[in-house]
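Visitor: Pasting the sequence and the predicted coordinates here, then a few questions.
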Amino acid sequence: MKELTNFPYNDVLVLGLAKSGTAAAKFLLETGRKVRVNDKQAADAGLADELQSLGAEIITGSHPLSVLDDMDVIIKNPGIPYDNPVLAEATRRDIPILTEIELAGILADNHSIGITGSNGKTTTTTLITEMLHRGKQHAKVAGNIGAVATEVAQTLEENEKLVLELSSFQLMGVQTFKPKIAVLLNIFEAHLDYHKTFENYRQAKCNIFARQTSDDYLVYNADDPVVRTSVDSAASVKVPFSAVRRIDNGAWADETGIYFCGEKIADKNDILLVGQHNLENVLAAVSAAKLSGAANEAIRDVLETFSGVKHRLQHVATIRGRMFYNDSKATNILATQKALSAFDKPVILLAGGLDRGNEFDDLKPYLKHVKQIVLFGETKEKLQRVAAEAGVPFIQMAEHLNEAVRLAFDRSEKEDIILLSPACASWDQYHTFEERGDMFEQAVHRLV
């Protein structure tokens, strides 16, 4: 087991027994720390027994302020807001409040790559990891992408990298964490219900580089004005990327290629991912991969084969010249706007789903190159009105996705894009957006 150095706390309160809290509690107990676990919900009996057998004190069913007594530090679940009474009292008592990312950072021992941003984190994290793997480098992925960072960090071998997708919730609770390579993709207004102000949110994102030194690297989006001004204070080596202009000390793209520090890395036309936002993700990933020593051939191999994170503008198949894209995660209008903006070829749009009471007029400007729309779900009549007012040439209604895919294909032509981007949640017909996306993919493959 790896030793936990540079963690000057002995009595630890773990607040929240989700995956990250459970992993943190087990690890801290193994290092000899005294651990008290508190969760508002009643704990699973098996888990509670396991933690107690390891030496933990378990307090569940409420958040009494007495859980703070004699505690040196709190490791909290990222989802617990800071106005929680226990956390508010901890602040009053000057008890540090951390997330388990702090532990992972210590265990990774300066062998981590951290990725954050308001959008594109998962795609960029996956691209970087794949580029390292194709280049025969050892890397493991964790954090907001699924696997608990502390668990994965404990298994790192010598010279193995930890690639971390990091949310603002996780980054807000760090004191010493600093990745060797930080990637800051973009910052726009999000999660204000949690952070209360945009400035709080921005500061949380900036924690990814706040403790870096001149021995570290900061990859950042030079096209994002908030990011550009935020990184002024960084002490690390700054490596910008831009999708619109040449940058000699970072990554950039023109109409034909992708470049890094003056060297052409790949032909732009060979990249399978579509959309301006994905081009930015590619440039960020190329920068981090090159700084990590990845070979151009490995990077090109990924760019030419990576079809996207599942259900996020993911290329599913090309059938008789028609390209099918699964964007089932587009559960709101903004996401569908971005998806439609990614294509300059004729689009056949499949949309509709749960009716939350909103209208869809904001989609109208984005329907100009939609040649056909196939609608389903509770919102199909609302979307039918918007499509008609936007001048979409052909509008069809379907009962479900299987029918919608067949209707779209029957009237399609070579070079058409057939895009599932519903602009709605899935719960009227499907349990999750993943189930909806899977149904779309199955229907596409049945066309063959």
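Guide: All right, it came through fine.

Visitor: Now do stretch 113-127, average pLDDT.
Guide: The predicted model assigns stretch 113-127 a mean pLDDT of 94.

Visitor: Tell me the span between the first and last residue of that stretch.
Guide: For stretch 113-127, the first-to-last residue distance is 12 Å (Cα to Cα, to the nearest Å).

Visitor: same question, stretch 28-36
Guide: Using Cα to Cα, the end-to-end distance of stretch 28-36 comes to 10 Å.

Visitor: Relative to Asp39, how far out is the nearest residue to Leu132 once chain neighbours are set aside?
Guide: Excluding its sequence neighbours, the residue lying closest to Leu132 (Cβ to Cβ, 6 or more residues apart in numbering) is Ala139, at 4.3 Å. In short, each C-beta sits where N, CA and C put it, glycine included. Per Cβ to Cβ, to the nearest Å, Ala139 is found 33 Å from Asp39.

Visitor: Settle it for me: which of those two has more neighbours?
Guide: A count of neighbours by other Cβ atoms under 10 Å puts Asp39 above the other of Ala139 and Asp39, at 24 against 21.

Visitor: residues contacting the closest residue in space to that one that isn't next to it in sequence?
Guide: Spatially, and ignoring its direct neighbours in sequence, Asp39 is nearest to Leu17 (4.1 Å; Cβ to Cβ, 6+ apart). Counting by Cβ atoms under 8 Å, 6 or more residues apart in numbering, Leu17 touches 25, 37, 39, 41, 43, 47, 60, 77.

Visitor: what's the farthest-apart pair in those?
Guide: Farthest pair in those (Cβ to Cβ) is Ala25 and Gln41. Separation: 15.3 Å.

Visitor: neighbour count winner among the two?
Guide: Shown here are Ala25 and Gln41; by other Cβ under 10 Å, Ala25 has more neighbours (28 against 11).

Visitor: What about the contacts of Leu17, which are in strands?
Guide: Here DSSP state E is the test, and the contacts of Leu17 give 37, 39, 60 as lying in strands.

Visitor: mind giving me TSV with those residues and columns for pLDDT and distance to Lys364?
Guide: Formatted as TSV, these follow (pLDDT from 0 to 100; distance: Cβ to Cβ, whole Å):
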residue	pLDDT	distance to Lys364
Val37	96	52
Asp39	93	47
Thr60	91	51
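
Visitor: So which of those residues is the closest to Met439?
Guide: Each of the ones in strands among the contacts of Leu17 was scored against Met439 by Cβ to Cβ, and Asp39 proved nearest at 35.6 Å.

Visitor: correct me, but the closest one touches Gly16?
Guide: Yes. Counting by Cβ atoms under 8 Å, Gly16 is a contact partner of Asp39 at 5.9 Å.

Visitor: If we go by neighbour counts, what in the helix or strand where Asn281 lies is buried?
Guide: Here Asn281, judged by DSSP states H and E, is contained in helix 276-291. For helix 276-291, burial by neighbour count (16 or more other Cβ atoms under 10 Å) applies to 277-291.

Visitor: Show me which of those is closest to Leu367.
Guide: Closest to Leu367, out of all of the buried residues of helix 276-291 and judged by Cβ to Cβ, is His277, at 19.1 Å.

Visitor: May I have the residues that are in contact with the closest one?
Guide: Per Cβ under 8 Å, 6+ apart, neighbours of His277: 119-120, 338, 342.

Visitor: What's the local residue count around Asp438?
Guide: Asp438 has 17 neighbours, counted by other Cβ under 10 Å.

Visitor: can you check Thr213 too?
Guide: With neighbours defined by other Cβ under 10 Å, the count for Thr213 comes to 10.

Visitor: now Gln175
Guide: By the measure other Cβ under 10 Å, the count of residues near Gln175 is 13.

Visitor: Now do the end-to-end distance for stretch 137-148.
Guide: Taking Cα to Cα, the first and last residues of stretch 137-148 lie 21 Å apart.

Visitor: So what touches that stretch?
Guide: Stretch 137-148 is contacted from outside by 19-20, 23, 100-101, 104, 113-114, 121-122, 125-126, 128-129, 132-133, 149, 151-153, 155-157, 159-167, 170, 292-294, using Cβ under 8 Å, 6+ apart.

Visitor: Can you name every helix or strand that the helix or strand of the chain with the lowest mean pLDDT contacts?
Guide: The weakest-scoring helix or strand in the chain, judged by mean pLDDT, DSSP states H and E, is helix 192-195 (a mean of 86). Helix 192-195 sits against helix 168-172, helix 198-206, with contacts defined as 3 or more Cβ pairs under 8 Å, 6 or more residues apart in numbering; DSSP states H and E.

Visitor: burial of Leu54, as a residue count?
Guide: Neighbour count of Leu54, defined by other Cβ under 10 Å: 13.

Visitor: any low-confidence regions in this structure?
Guide: Low-confidence segments of the chain (pLDDT under 70): 1.

Visitor: What are the structural domain limits within it?
Guide: 11-98, 109-305, 314-447 (automatic domain parsing).

Visitor: pretty sure Glu255 is in a helix, no?
Guide: No. Assessed with DSSP: H, G, I helix; E, B strand; the rest coil, Glu255 is coil; it does not lie in a helix.
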